[in-house]
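Enquirer: below is the sequence, then the predicted model.
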Amino acid sequence: MRELLRATSDFDLSAIDPASTPGVKADKKKGAKALQAGVPELAELQEKLFAAARGDDTRSVLLVLQAMDTAGKGGIIKHVVGSVDPQGVHLAAFKAPTDEEKKHDFLWRIKPHVPEAGQFAVFDRSHYEDVLIHRVHGFSTPEVIEERYGIIADFEKELAASGTAIVKIMLHISLDAQRDRLLARLNDPTKHWKYSDGDVVERGFWPQYMEAYQIAIARTSTDVAPWYVVPADHKWYARLAVQNLLVETMADLKQDWPKGDFDVAAEKAKLAATNPV
């Protein structure tokens, strides 16, 4: 899956069909079954990551989720990330910066949330907001944005060097699919809390956002922090693809259960001695 979805040097976002399902010949029903079948492996890899930090393994994992509204970030968090032990997960959702955050450089609010040893961190939006939205709406000058691509690449290089495996995902939804999902929210009173008229406003900048994503991904997809563009018109496929990307990445860590620093037989004997007479 990593080979199929990775943004390479000749990356062209416009050539990727958001309704495609690369590497998977299935439908919604079969895709859901495949997702469930993959849960035990991902859960075990995440538990090994968490357990290894009890020893001297300082590695961690960072999942970055970027997308247009309604592309399915919440579904990924619920159905993929939600299938592992929550005690080892750190979720950070980055909305519009506060007045305090605006007083600092754009990575100031990001750095406190990078994963600690053994942690699986998830960024629901991220530092890329400061080159995507800023480029589309002109919140920063072209010179500042161009500089930020390099700052981001250096930041992620440092993270990787410290032992963090980085998986950056763009959920690629089509304009038509977004319209259908927004309409579904309007037609369902239980989903009105998810709806924002700002989403409709941002649809008017769709070509500019696609250009911003194209440039950001091309500038910052590196060997240590690659971008994966996941077609997201089919929610079942996007969830399955992200699960596979995580499994492949975490399996590469080749972690195992840490060994205890005690004599098992002796501890069994002590335990037996505590039995009531």
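Expert: Thanks, I have it.

Enquirer: what is the burial count for Lys78?
Expert: Counted with other C-beta atoms under 10 Å, residues neighbouring Lys78 total 12. Bear in mind the C-beta positions are built from the backbone N, C-alpha and C, glycine included.

Enquirer: dump the residue contacts of it.
Expert: Residues in contact with Lys78 (C-beta atoms under 8 Å, 6 or more residues apart in numbering): none are found.

Enquirer: for the strand or helix carrying it, list every residue counted as buried.
Expert: Assigned by DSSP states H and E, Lys78 belongs to helix 73-79. Neighbour-count burial for helix 73-79, with 16 or more other C-beta atoms under 10 Å as criterion, is recorded at 73, 75-77, 79.

Enquirer: swap in stretch 200-212?
Expert: For stretch 200-212, using 16+ other C-beta under 10 Å, the buried residues are 202, 209-210, 212.

Enquirer: what distance do you get for Val64 to Lys73?
Expert: Distance, Val64 to Lys73, using C-beta to C-beta, to the nearest Å: 10 Å.

Enquirer: now swap in Ala269 and tell me
Expert: Computed as C-beta to C-beta, the Ala269 to Lys73 distance reads 52 Å.

Enquirer: what bits of the protein have low per-residue confidence?
Expert: Along the chain, the model assigns pLDDT under 70 to residues 277.

Enquirer: just the buried positions in the longest helix anywhere in the chain, please.
Expert: The residue-count maximum for a helix in the chain (DSSP state H) belongs to helix 28-52. Across helix 28-52, burial judged by 16+ other C-beta under 10 Å covers 31-32, 34-35, 38, 42, 45-52.

Enquirer: then stretch 61-75?
Expert: Buried-residue list, stretch 61-75, by 16+ other C-beta under 10 Å: 61-73, 75.

Enquirer: neighbours of Trp236, how many?
Expert: Neighbour count of Trp236, defined by other C-beta under 10 Å: 22.

Enquirer: that one should be in a helix, yeah?
Expert: Yes. Counting by DSSP: H, G, I helix; E, B strand; the rest coil, Trp236 is located in a helix.

Enquirer: quick check, it in contact with Leu35.
Expert: Yes. Applying C-beta atoms under 8 Å, one finds Trp236 in contact with Leu35, separated by 7.1 Å.

Enquirer: what segments of the stretch 151-277 of the chain are helices?
Expert: 175-187, 197-203, 206-220, 235-251, 264-273 (DSSP state H, counting those that start in this stretch).

Enquirer: rewinding a little: which of the buried residues of stretch 61-75 fall in strands?
Expert: Among the buried residues of stretch 61-75, the residues falling in strands (DSSP state E) are 61-67.

Enquirer: just put those residues in JSON lines and tack on distance to Val84.
Expert: Output for these, formatted as JSON lines (distance: C-beta to C-beta, whole Å):
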{"residue": "Val61", "distance to Val84": "10"}
{"residue": "Leu62", "distance to Val84": "14"}
{"residue": "Leu63", "distance to Val84": "11"}
{"residue": "Val64", "distance to Val84": "17"}
{"residue": "Leu65", "distance to Val84": "15"}
{"residue": "Gln66", "distance to Val84": "21"}
{"residue": "Ala67", "distance to Val84": "21"}
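
Enquirer: of these, which is the nearest to Glu146?
Expert: Gln66 (18.8 Å; C-beta to C-beta).

Enquirer: for that closest one, give the beta-bridge partners.
Expert: Met170 (DSSP bridges).

Enquirer: ok, now which ones touch it?
Expert: The contact partners of Gln66, taken as C-beta under 8 Å, 6+ apart, are 125-126, 128, 132, 168-171, 213.

Enquirer: mind doing that once more with 7 Å?
Expert: Counting by C-beta atoms under 7 Å, 6 or more residues apart in numbering, Gln66 makes contact with 125-126, 128, 169-170.

Enquirer: how near is it to Lys28?
Expert: 24 Å.

Enquirer: what of Ser60?
Expert: 33 Å.

Enquirer: please apply the same query to Phe155.
Expert: To Lys28, Phe155 is 38 Å away according to C-beta to C-beta.

Enquirer: could you do Ala153 as well?
Expert: Shown here: Ala153 relative to Lys28, a distance of 37 Å by C-beta to C-beta.

Enquirer: my assumption is that Phe106 lies in a helix; please confirm.
Expert: No. Per three-state DSSP, Phe106 lies outside any helix segment and is coil.
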